[in-house]
Structure formats: structure tokens, C-alpha cells
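K.L.:
no FASTA, just this:
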């Protein structure tokens, strides 16, 4: 069964919009990281959709690199969250902004 390309791209745009809203509205760092991952996955969905529709492999190569960058981002981001939690006993975005010297 073939799903039309514009349906998949609309789903990708909806996922990206939800990710942007999650980053802008929510104040919890874990939810913000999940929203960033949602935006990266929506970009992956668009890459795969275009790769399938044009019959090219480059979209799948881009997805591979985006997944690698997302894994590194999660590892560094969670390490920062754990370090901030150990020093502040909170991971609230408002208190993290007080770390400025």
C-alpha cells in the first residue's frame, strides 16, 4: 500500500510543529529534549519520504547522520542535566538560567 507523499509530509510538518511548541512552551528540560528529538524525527521522516519519492539514496544517508547526531545530543544533554541536578537539586529551566556568571 502506497501512502501519498503529501500525507507523509503533512505528518512530518505536524510532528515538527508539535516539537517546536514543546520547546517554546514547556519549562521542563526532559520535555524540551524530547521535543527536540521529535523535531529531528520529523526531519528524518521528510528525508525518507523525499528519498522514496525520487528513488535516491541520499535521503537515507542524511537520516543515518541525523540519528548519529541525535544520539550524541542526547548523551551530552543528559550528562549536563545530571551535572546540573547534582549541583542545584533542580532541572528547572528558570534556575538553570541563573548559572550565568
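P.N.:
Cool, the structure landed. A quick note: this is a predicted structure, and the numbers were derived from the prediction, not measured.
K.L.:
what does stretch 2-10 contact?
P.N.:
Stretch 2-10 has contacts (CB atoms under 8 Å, 6 or more residues apart in numbering) with 45-46, 49, 52-53. Every residue, glycine included, has its C-beta placed from N, CA and C.
K.L.:
hang on, I meant stretch 18-34
P.N.:
With contacts defined as CB under 8 Å, 6+ apart, stretch 18-34 is touched by 35-39, 42, 74, 77-78, 81, 91-94, 96.
K.L.:
stretch 48-60: how far from the chain's middle?
P.N.:
Put simply, stretch 48-60 sits 20 Å off its chain's centre (CA atoms, centre = their mean, to the nearest Å).
K.L.:
first to last residue in it, what's the distance?
P.N.:
Using CA to CA, to the nearest Å, the end-to-end distance of stretch 48-60 comes out at 6 Å.
K.L.:
list the buried residues in that stretch.
P.N.:
Across stretch 48-60, burial judged by 16 or more other CB atoms under 10 Å covers 48-51, 59.
K.L.:
could I get those residues as JSON lines with distance to residue 14 and secondary structure?
P.N.:
Formatted as JSON lines, the buried residues of stretch 48-60 follow (distance: CB to CB, whole Å; DSSP: H, G, I helix; E, B strand; the rest coil):
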{"residue": "48", "distance to residue 14": "16", "secondary structure": "helix"}
{"residue": "49", "distance to residue 14": "13", "secondary structure": "helix"}
{"residue": "50", "distance to residue 14": "17", "secondary structure": "helix"}
{"residue": "51", "distance to residue 14": "20", "secondary structure": "helix"}
{"residue": "59", "distance to residue 14": "19", "secondary structure": "helix"}
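K.L.:
want to throw those residues into TSV with pLDDT and distance to residue 2?
P.N.:
Formatted as TSV, those follow (pLDDT from 0 to 100; distance: CB to CB, whole Å):
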residue	pLDDT	distance to residue 2
48	93	14
49	92	12
50	91	15
51	91	15
59	86	17
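K.L.:
now those as CSV including distance to residue 85?
P.N.:
CSV is the format used below for the buried residues of stretch 48-60 (distance: CB to CB, whole Å):
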residue, distance to residue 85
48, 36
49, 38
50, 40
51, 40
59, 38
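K.L.:
which one of those is nearest residue 67?
P.N.:
Top of the list for closeness to residue 67, among the buried residues of stretch 48-60 and by CB to CB, is residue 48 at 11.4 Å.
K.L.:
good, wrapping up.
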